[in-house]
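> fold the following, please.
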Amino acid sequence: MNIDWGNYNPYIPLYSGLLGSMPRRQAKEEFDHLMTAREGRSRELSAFLATQDVVLTTDDEGIETLDSWFVENVELSSDNRERLQNVWYAIAVDIGLFMGDLIISQCSHLRWEFFIWGKRNVSYQRPVIMGFQEVKHPKYNVDIILALSAYGLRVASGKSMERGLMSKMMVSMRAKA
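Numbers count the residues shown, from 1 in each chain. Coordinates of the predicted model:
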């Protein structure tokens, strides 16, 4: 499906490249920039989804609707079939921020954190949710944005017809909170 992106203003990072490969100072600046942009990104996502006849809500049904819209529309890049179209990474960021803020509002001891433990960790220097109390590992985290990007890539490439990951993530985070 072709989406009219004309009304969508995607998040623009300060730096290009992988956060885990950046100097710590730059990655931290990017994290701070993203955290500052959170509230505006949720409004942008909500306004854009309204043009797609999708209402962004915080209940379980709303997350399921968001997931269905994402799965039905996410597309690969026409230049590189191993990547999503760039705008879909921006959508993953916006949805990830929305979901992260939602789980934090439901479980107040959870928080956004700049993950700096383990340079080989896939979430190194990325924005993650931490503070889970029902797990033994003190550095347990959920990298929602990375998970949504991977989900979109699997679905768009036909490697998975998976649906409902967003709801499953919310249920899992609540159980581990």
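> all strands of this structure, in order?
Listed in chain order, the strands found in the chain under DSSP state E are 111-114, 127-130.
> I'd like to know which of these lies nearest to residue 13.
strand 127-130 (11.3 Å; Cβ to Cβ). (Each C-beta comes from the backbone N, C-alpha and C, glycine too.)
> show me how far that closest one is from its chain's centre.
11 Å (Cα atoms, centre = their mean, to the nearest Å).
> which other helices and strands contact that strand?
Secondary-structure packing of strand 127-130 (3 or more Cβ pairs under 8 Å, 6 or more residues apart in numbering; DSSP states H and E): helix 24-51, helix 86-106, strand 111-114, helix 144-156.
> tally of neighbours for residue 56?
20 (other Cβ atoms under 10 Å).
> try residue 112
Other residues within reach of residue 112, judged by other Cβ under 10 Å, total 18.
> quick one: closest of the strands of the chain to residue 11.
Of all these, it is strand 127-130 that lies closest to residue 11, at 11.7 Å by Cβ to Cβ.
> for the residue of the chain most remote from its centre, give me the pLDDT.
Here the chain reaches farthest from its C-alpha mean at residue 136, the gap being 24.5 Å by Cα atoms, centre = their mean. Residue 136 carries a pLDDT value of 95.
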